[in-house]
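Asker: make a model of this:
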Amino acid sequence: MMCSAVRGKSDGMPECRGCGVNSRRSWCEICDIVVPHITGQDSNMIESPAAVEHTRHELGHPDIRPNRIWSAIRKLDSSEAEWVMNPRPNNSITRISGDPPEWEIDDEDQVIMDSGSIRHASTARLRRLQKGGILPDGSHLSWSDGRFYLDGIPLDVPYHGLRKMMRRTRGIQNVDWKKLLLSVSLACTKHQTRRELRAGQHGRQTTIHPAAMMRLDGDPRRVPNFMRAMGLPRWGLPTERSRYNPDLFRGTSWMDAWDSLRPLDVHDMDDMMIPMALYIKDGRLQLRVRRNGGWRRLELESHPVVWSLLVSWSLAPPRSDSHQRLRCLQQSLFADTEIDLISNEDRNGIKMLSGIVRENDNVDVDRGNGGFIVKGTSGARYRVVPGVGGHNTRFVVNGIGHESGHRAARERGAPPWHRDGNSLCIVESHELRRLVIGDALSSIILSLLDDLKSQQYIDTLRGYIREVTPRTVDPQVAAVRQAENLRFRLRNNLAEYRTRRYTVLFPQLWGVLLRLPLGERLTFTAMRRGHPNVNFDGCETAFATEGQLERNVLYQMLEASGWQRDPHEERVRRTQRIYIRTGTGLQNLANRVEEFAGMLEPALTVNQRVRLVANPVWSYFERNNPGIRALLPGTDQRLD
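Answerer: Next up, the predicted model:
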């Protein structure tokens, strides 16, 4: 089913803010899918012109130069920055050796931190960085092996900007640096779901709200459900869980805003997905904004008020006025007013894509995956999702079976077969890359609609169509294939594999050990999957042990048949475990055979009751020593 936004226009219906077609919502269904990949923002996070003008008025109508905007933010009459100017003393710890020095770093320290490597740093410098220093509010900041610690709490610090602020003589003494730096680090923390990781370019610019993640992380009742709903493991990945205690931020304006809301629930999941705003890059605090030439990251002015306000807006609840102010700032205040968020070329591309979806019954909107379902002339079905694919394409194409299978499954009431695990590699040509994303999606959808023709120049398409198209098979051919399949399953059956290994291969190896002449050497190396680790100097016999049990059995077999370690040869060849045959062993080897064969018995017994072979394992081994003589047929080769 497709929404009215792509079926046609009706009188009196408002226009979509993206493509301009009539829609019951501010963003039509097609724009909901495509616009985030154009702007890096979810469509529901793009602010209206009225909201932008309100924010511009609050800031005193600054021009688009960054220093003017930072100055306007610094001068903003707002209570949201008061929390950073009310420090609580953090220097109540009494140290026997006295307080550490004031925190400071020099140019060489910054070079080490920028490189992320301590390889060429002197020990004295690393000790000084690890010892750290005291910030003006008494909190202790140190750096060790690429990570900052503030009073023992690991965090990310924009140290270039912090160093600039520490050089000030005014305006830094009354700052709660601990709360400010922890809030900055939290605001720059990225939490992604598997769904967003698969979404390519759009996924890299969105995150689960860090403050929401922190609050949910402390509630054992809701975290598992939230993680499951977000497509994450029960307790989330380690990088996707907040490491901060909410009590560290009591008294901040943004935490007070969260406390005024009802407790979060799984149903709030969609509201918790927000665009990334603040980043720490190379020790600099940056804000992602739209400039005249596109989206850029600008370094914030190094001032506590600027940092605290931007952090407060970023960490405020997504539907709050504060967070809306941040989005207006990002989307519009750093670019000329006459430059639209969506260019005319992109609008035309979306309109073309909407027309293809509207006019073709073989194309449907896939709301759940944020893409389009296409049925080709071959009957094969495809899912096209905007995002970064193989070879840096702007879309991902997955095959999802054949129309016949989809129809049969639908008739049975069962879910259709999908092949989403393996995407089809379709490379964008140079001509296609020059088109806007709407035109690129239109082009690939048109190619898939006529896939029988398109397979002539898209090799992966040809193979996929051949794979999913139903075939009429000759009954005799089907019987042969079934027999081959049964033989394959028998060869790969674990029980059959063990039985052959311990009743055929090990007895063959035992026969080789008994028959080789005195002075013969073998090398018994470490196990390598797929490669033999038992090799003889004088014959072609080779064998691969699997596991410690088999190594122990072979040690017993070597001892019983007269083989000993050769330390001299090991030193010459610089190889461990070289054996030389110095004797022939006993004439009657029954006791020794029963001893090492008994070690293999448990491997041929299932559930301690069912045996895989009728006879005991020792009955498959020679117990009368044949002496030195020619090897048995079929043993002068690799045994597997």
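Asker: break this protein into its domains for me.
Answerer: 1-46, 47-88+157-336, 360-468, 494-620 (automatic domain parsing).
Asker: any chance of JSON lines for those domains, columns mean neighbour count?
Answerer: Every C-beta, even on glycine, is put in place using the N, C-alpha and C of the backbone. Formatted as JSON lines, those follow (neighbours: other C-beta atoms under 10 Å):
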{"stretch": "domain 1-46", "mean neighbour count": "19"}
{"stretch": "domain 47-88+157-336", "mean neighbour count": "18"}
{"stretch": "domain 360-468", "mean neighbour count": "17"}
{"stretch": "domain 494-620", "mean neighbour count": "16"}
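Asker: take those domains and write them to JSON lines, including mean pLDDT and distance to Q482.
Answerer: Listed next are the domains of the chain as JSON lines, based on pLDDT from 0 to 100; distance: least, C-beta to C-beta, whole Å:
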{"stretch": "domain 1-46", "mean pLDDT": "65", "distance to Q482": "42"}
{"stretch": "domain 47-88+157-336", "mean pLDDT": "80", "distance to Q482": "37"}
{"stretch": "domain 360-468", "mean pLDDT": "80", "distance to Q482": "20"}
{"stretch": "domain 494-620", "mean pLDDT": "91", "distance to Q482": "18"}
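Asker: export these to a markdown table and tack on distance to V111?
Answerer: What follows is the domains of the chain, written out as a markdown table (distance: least, C-beta to C-beta, whole Å):
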| stretch | distance to V111 |
| --- | --- |
| domain 1-46 | 32 |
| domain 47-88+157-336 | 11 |
| domain 360-468 | 32 |
| domain 494-620 | 43 |
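Asker: T635 is nearest to which of the ones you listed?
Answerer: Proximity to T635 (C-beta to C-beta) singles out domain 494-620 among those, at 4.9 Å.
Asker: which stretches of the stretch 401-550 of the chain form helices?
Answerer: Secondary structure of the stretch 401-550 of the chain by DSSP state H, counting those that start in this stretch: the helices cover 403-412, 430-433, 437-449, 451-454, 459-468, 475-491, 494-500, 506-515, 548-560.
Asker: show residues contacting the last one.
Answerer: Spelled out, it's helix 548-560. By C-beta atoms under 8 Å, 6 or more residues apart in numbering, the surrounding residues in contact with helix 548-560 are 506, 509-510, 513, 524, 527, 534, 545, 579, 585-586, 589, 592-593, 595-596, 599-600, 603.
Asker: helix or strand next in line after that helix, which one?
Answerer: strand 563-565 (DSSP states H and E).
Asker: other SSEs contacting that next one?
Answerer: Judged by 3 or more C-beta pairs under 8 Å, 6 or more residues apart in numbering; DSSP states H and E, strand 563-565 is in contact with strand 578-581.
Asker: tell me what the strand it packs on is packed against?
Answerer: Packing partners of strand 578-581 (3+ C-beta pairs under 8 Å, 6+ apart): strand 521-524, strand 563-565, helix 567-573.
Asker: what's that strand in contact with?
Answerer: Contacts for strand 578-581 (C-beta under 8 Å, 6+ apart): 516-524, 558, 561-566, 569-570.
Asker: if we use 7 Å, what do you get?
Answerer: Residues outside strand 578-581 that contact it (C-beta atoms under 7 Å, 6 or more residues apart in numbering): 516, 518-524, 558, 562-566, 569-570.
Asker: before we move on, back to that, of all the helices and strands packed on strand 578-581, which one comes closest to Q476?
Answerer: Evaluated with C-beta to C-beta, the helices and strands packed on strand 578-581 place strand 521-524 nearest to Q476, the distance being 49.1 Å.
Asker: mind exporting the C-alpha coordinates of the closest one to PDB?
Answerer: Output of strand 521-524 as PDB, limited to C-alpha atoms (Å, rounded to 0.1, in the frame of the first residue of the first chain):
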ATOM      1  CA  ARG A 521      62.500 -40.100  11.600                       C
ATOM      2  CA  LEU A 522      59.100 -38.400  11.900                       C
ATOM      3  CA  THR A 523      58.200 -34.800  12.700                       C
ATOM      4  CA  PHE A 524      55.300 -34.200  15.100                       C
END
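Asker: residues making contact with that strand?
Answerer: In contact with strand 521-524 (C-beta under 7 Å, 6+ apart) are residues N533, V534, N535, F536, D537, D566, E569, T575, R577, I578, Y579, I580.
Asker: now with 6 Å, please.
Answerer: Here strand 521-524 makes contact (C-beta atoms under 6 Å, 6 or more residues apart in numbering) with V534, N535, F536, D537, R577, I578, Y579, I580.
Asker: how many other residues sit next to the residue lying closest to P101 once chain neighbours are set aside?
Answerer: Residue nearest to P101 in three dimensions, not counting chain neighbours: G133, with 5.0 Å by C-beta to C-beta, 6 or more residues apart in numbering. Around G133 there are 17 other residues, counting by other C-beta atoms under 10 Å.
Asker: let me know the pLDDT of G133.
Answerer: G133 is assigned 91 on the pLDDT scale.
Asker: equivalent analysis for the one 10 residues further on, please.
Answerer: With respect to pLDDT, W143 scores 92.
Asker: can you pull the contacts of L604?
Answerer: Neighbour list for L604: L612, V613 [criterion: C-beta under 6 Å, 6+ apart].
Asker: can I get the helices and strands packed on strand 578-581 in a markdown table with distance to E82?
Answerer: Formatted as a markdown table, these follow (distance: least, C-beta to C-beta, whole Å):
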| stretch | distance to E82 |
| --- | --- |
| strand 521-524 | 75 |
| strand 563-565 | 79 |
| helix 567-573 | 76 |
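Asker: hmm, back to that, will you turn the helices of the stretch 401-550 of the chain into TSV that also has distance to V21?
Answerer: Formatted as TSV, those follow (distance: least, C-beta to C-beta, whole Å):
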stretch	distance to V21
helix 403-412	29
helix 430-433	25
helix 437-449	13
helix 451-454	28
helix 459-468	31
helix 475-491	52
helix 494-500	60
helix 506-515	75
helix 548-560	69
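Asker: between these, which one is nearest to L285?
Answerer: It's helix 437-449; of the helices of the stretch 401-550 of the chain, that one is closest to L285 (C-beta to C-beta) at 30.4 Å.
Asker: counting by contacts, list what the closest one packs against.
Answerer: With contacts taken as 3 or more C-beta pairs under 6 Å, 6 or more residues apart in numbering; DSSP states H and E, helix 437-449 sits against helix 344-359.
Asker: after the helix it packs on comes which helix or strand?
Answerer: Counting by DSSP H and E, what follows helix 344-359 is strand 363-366.
Asker: counting by contacts, list what the helix or strand that comes right after that following strand packs against.
Answerer: Following strand 363-366 in sequence order, the next helix or strand is strand 371-375 (DSSP H and E). If you count contacts as 3+ C-beta pairs under 6 Å, 6+ apart, strand 371-375 packs onto strand 363-366, strand 380-386.
Asker: could I get those in JSON lines, plus columns for distance to L554?
Answerer: Shown next, in JSON lines, are the helices and strands packed on strand 371-375 (distance: least, C-beta to C-beta, whole Å):
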{"stretch": "strand 363-366", "distance to L554": "57"}
{"stretch": "strand 380-386", "distance to L554": "53"}
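Asker: wait, which of the ones you listed is closest to S354?
Answerer: Across these, S354 has its closest neighbour in strand 363-366 (10.1 Å, C-beta to C-beta).
Asker: given that closest one, what are its sheet partners and their directions?
Answerer: strand 371-375 (antiparallel) (DSSP bridges).
Asker: now tell me what touches the partner strand from outside.
Answerer: The contact list for strand 371-375 (C-beta under 6 Å, 6+ apart) reads N362, V363, D364, D366, R381, Y382, R383, V384, V385, E403, I445, L448.
Asker: P36: which of those is nearest?
Answerer: Using C-beta to C-beta, the contacts of strand 371-375 come closest to P36 at V385, 11.7 Å.
Asker: hang on, the closest one packs against V397?
Answerer: No: contact criterion C-beta atoms under 6 Å: V385 and V397 do not qualify, at 8.0 Å.
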